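>>> Quick one: sequence plus predicted model below, questions after.
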Amino acid sequence: MEKPIQVLIVGKNETIVLLLKRLVNRFKGLHPIVAFCDKSAIDSIQCQPIELVILSSGLLEDCENRIKEKALAKNQGIKIIVHFGGGSGLLKCEISEAFGKEIEWVEAL
Amino acid sequence: MSNIVLHKANTRGAANHGWLKSFHTFSFAGYYNPERIQFGALRVLNDDTVSAGMGFGEHPHDNMEIISIPLEGDLEHKDSMGNTAVIRKGDIQVMSAGTGIFHSEYNKNKGEQVKFLQIWVFPNKRNVTPRYDQITLNEADRKNKLQQILSPNKEDEGVWIHQDAWFHMGSFDKGVSANYTNKKPGNGVYVFVLKGQFRVNGIDLDQRDGLGLSAIEQFDVLALTDNAEVLLMEVPMQ
């Protein structure tokens, strides 16, 4: 069985980040990890084989840039999504676009 | 050189959740079509029908300008900023989701469905302070002409959003036309037929067809049927 793709979700709005975590869990082959600040996000990037970063709301532009910089320094092939909408509306499309193929839900929403 | 995209109504994504039937012009939720992601800053155009007494329970949004336009029935809104309101045909509702907002939208009537358009426009700035607004428009002001219902300016007609976007609605008799000139050079306009038939830029459009026009600074909309209604959404293309 293939290892799941590690997805880091970063944002200041805890409720939205946790909702995104539940949603990412419902995609085939994706495993979510969450962080609520840039420091914690960068720690996760350094320690774990993250392949996709989802930038949720509330982060200052500087923080977003720092996270992007560290992520790309660790893994040039890492995918970074600046997420809009805060829920299921755009998430599937954003993730599918990042990977260049349709990512399926484990079960339909 | 002009760019034109035609989205016939029957090519939209369809979702049937029982209590909610929705047609998606652009990829949304489970509907994914890489050819239909957005038209410039216009990201979501959902044509929703909610069964009597049903609705969207409390859920969050962030970083999106969300506009709801009721077409039929009454929609009851509640949100995390303490707003409780009912919107109905002739009203327009706007939310700047910004850093995060929670809301619910229910069909207030137990005996009839509600139909409304749910439109999402990318904001020109992330993480703004969330806000909610709704207004009642004078529908007589769109008879045989285009009525502005949304702009980027607080002082202007209609509601406002964090984006250089302008929306207009019009209700026309057969054979009547109106000219539209872009408010901002470089913007595109997405034409969505609410009712009846129109001819726009030489293309005939039926109910719920969509036509995206970019690199065209002005054009005419001609009603081909009586009581024809149209929504124009001018948005940045970058």
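Looks like it came in fine.

>>> A:N75: neighbour count?
14 (other CB atoms under 10 Å in any protein chain shown). (Glycine included, C-beta is placed from N, CA and C.)

>>> Do I have it right that it meets A:E51?
Yes. Under the criterion of CB atoms under 8 Å, A:N75 makes contact with A:E51 at 7.3 Å.

>>> Let me know the pLDDT of A:S57.
pLDDT recorded at A:S57 is 96.

>>> With adjacent residues omitted, what lies nearest to it?
Closest residue to A:S57 apart from its sequence neighbours, by CB to CB, 6 or more residues apart in numbering or on different chains: B:D62 at 3.7 Å.

>>> got the contact list for that neighbour?
Shown in contact with B:D62 (CB atoms under 8 Å, 6 or more residues apart in numbering or on different chains): A:11, A:13, A:16, A:56-58, A:83-86, B:97-101.

>>> wait, what's in contact with the residue nearest to the spatial centre of chain A?
Nearest to the geometric centre of chain A sits A:I54, at 2.8 Å (CA atoms, centre = their mean). Residues near A:I54 by CB under 8 Å, 6+ apart: A:7-10, A:20, A:24, A:81, A:83, A:94.

>>> quick one, phi psi at the closest residue to A:R66 other than its chain neighbours?
Spatial nearest neighbour of A:R66, chain neighbours left out: A:D38 (5.5 Å); criterion: CB to CB, 6+ apart. Main-chain dihedrals, A:D38, degrees, to the nearest 10: phi -70, psi -40.

>>> Read off the pLDDT value for the residue in chain B positioned nearest to chain A.
Going by CB to the nearest CB, chain A is nearest to B:D62 of chain B, at 3.5 Å. At B:D62, the model reports a pLDDT of 96.

>>> Equivalent analysis for the one 5 residues further on, please.
Listed pLDDT for B:I67 reads 98.

>>> just A:L109 next, same as before
57.

>>> what mean pLDDT would you report for stretch A:17-31?
Mean per-residue pLDDT for stretch A:17-31: 96.

>>> Endpoints of that stretch, how far apart?
Using CA to CA, to the nearest Å, the end-to-end distance of stretch A:17-31 comes out at 14 Å.

>>> Then stretch B:62-79?
The first-to-last residue distance of stretch B:62-79 comes to 13 Å (CA to CA).

>>> quick one: it to chain centroid distance?
Distance of stretch B:62-79 from the chain centroid (CA atoms, centre = their mean, to the nearest Å) equals 10 Å.
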